[in-house]
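Enquirer: Below: sequence and its predicted model.
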Amino acid sequence: MRIGVVTFPGTLDDRDALRAVRIAGAEAVPLWHGDDDLQEVDAVVLPGGFSYGDYLRAGAISRFAPVMEKVVDAAKGGIPVLGICNGFQILCETHLLPGSMIKNAHRSFICRDQPLRVENNRTAWTTAYEKDQVIRIPLKNQDGQFVADAKTLDELEGEGRVVFRYTEGATHGPVGFEENPNGSWNGIAGITNEYGNVVGLMPHPEHAVESGFGPDEPGRGTRTGTDGLGFFTSVLTALTA
């Protein structure tokens, strides 16, 4: 299976995402923001970073990149698409996912190992997890507060489209934000579209795919976490089903 990873000017985590794809056992295909085709990939990852310097607002310019026209069309046709951090912001800007991302409630950049509760394990990117499982992956952002109007929030909650929710147990966060690190409404860390093929989240699963390099295991003080690998093995399962 071929999984494409898009690089925009200002992208930071594209190489990490490409490596995660390879570790999961797929062929990693670099895609450029100026590309006018997706090189026959089977899935797409929009990685984290600060595309176009986050000018105007995070993801606002990237939505007009030539490759995004192809990504939007492919997503609407059913291809799996994962947006991580800045990629989540881009998915919201293209309206593949609802809502928007604004400055963290504490107005500070945050970087920490973040526990997440799996709310929906039926998407193309989450079948490797159990419902209500708590996983631990890195979080780093300054525009990570998910907001939406009441109608949209009701739809997301009522249709089971909240995929991940922040939960307690994080470390090294601002005082008062131990459970909800950026003030996201309803504690939402990630959502999906109605078909389950498009998923966006703020934390970074691509940074937790190798033993010895992932988040600390609570109480052990060793970096053994590989909780993010399930995203990439899940999509391979979905593509071969």
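Expert: Structure's in. What do you need?
Enquirer: what's the pLDDT at Ser51?
Expert: Looking at Ser51, its pLDDT reads 87.
Enquirer: show me what contacts the nearest residue to it once chain neighbours are set aside?
Expert: Take Ser51 and drop its neighbours on the chain: the residue closest to it by C-beta to C-beta, 6 or more residues apart in numbering is Phe8, 3.7 Å away. C-betas here are computed from N, CA, C, even on glycine. For Phe8, the contacting residues are 33, 49, 51-52, 62, 65, by C-beta atoms under 8 Å, 6 or more residues apart in numbering.
Enquirer: do Asp42 as well
Expert: 1-3, 79-80, 239.
Enquirer: For the chain, just list every one of the strands.
Expert: Along the chain, the segments classed as strands by DSSP state E run 2-7, 27-32, 43-46, 81-84, 100-102, 110-118, 134-141, 145-147, 162-166, 188-192, 198-201.
Enquirer: Please name the residues that touch the residue minimising distance to the centre of the chain.
Expert: By C-alpha atoms, centre = their mean, the chain has its centre lying nearest to Ile84, at 2.8 Å. Applying C-beta under 8 Å, 6+ apart to Ile84 gives the contacts 13, 17, 45-48, 200-201, 203-206.
Enquirer: what about 10 Å?
Expert: Ile84 is in contact with 5, 13, 16-17, 20, 45-49, 90-91, 137, 190, 199-207, 228, 231, counting by C-beta atoms under 10 Å, 6 or more residues apart in numbering.
Enquirer: Check Thr233 too.
Expert: 23-26, 125, 127-128, 209.
Enquirer: how close does it sit to Thr126?
Expert: 11 Å (C-beta to C-beta, to the nearest Å).
Enquirer: Could you do Val72 as well?
Expert: Counting by C-beta to C-beta - Val72 and Thr126 are separated by 22 Å.
Enquirer: ok, Glu168 touching Leu116?
Expert: No - in this structure Glu168 lies outside contact range of Leu116 using C-beta atoms under 10 Å: 11.1 Å.
Enquirer: list residues touching both of the two?
Expert: What both Glu168 and Leu116 touch, as defined by C-beta under 10 Å, 6+ apart, is the set Val134.
Enquirer: Tabulate the contacts of Phe8 in CSV, adding columns for distance to Val147.
Expert: Conversion of the contacts of Phe8 to CSV gives the following (distance: C-beta to C-beta, whole Å):
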residue, distance to Val147
His33, 26
Gly49, 21
Ser51, 20
Tyr52, 21
Ser62, 19
Ala65, 24
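Enquirer: follow-up on the earlier one: neighbour count: Val72 and Thr126, which is higher?
Expert: Set side by side, Val72 and Thr126 show more neighbours around Thr126, with 27 against 17, by other C-beta atoms under 10 Å.
Enquirer: Contacts only, for that one.
Expert: Listed by C-beta under 10 Å, 6+ apart, the contact partners of Thr126 are 118-120, 133, 135, 163-164, 190, 192, 196, 199, 201, 230-231, 234-235, 238.
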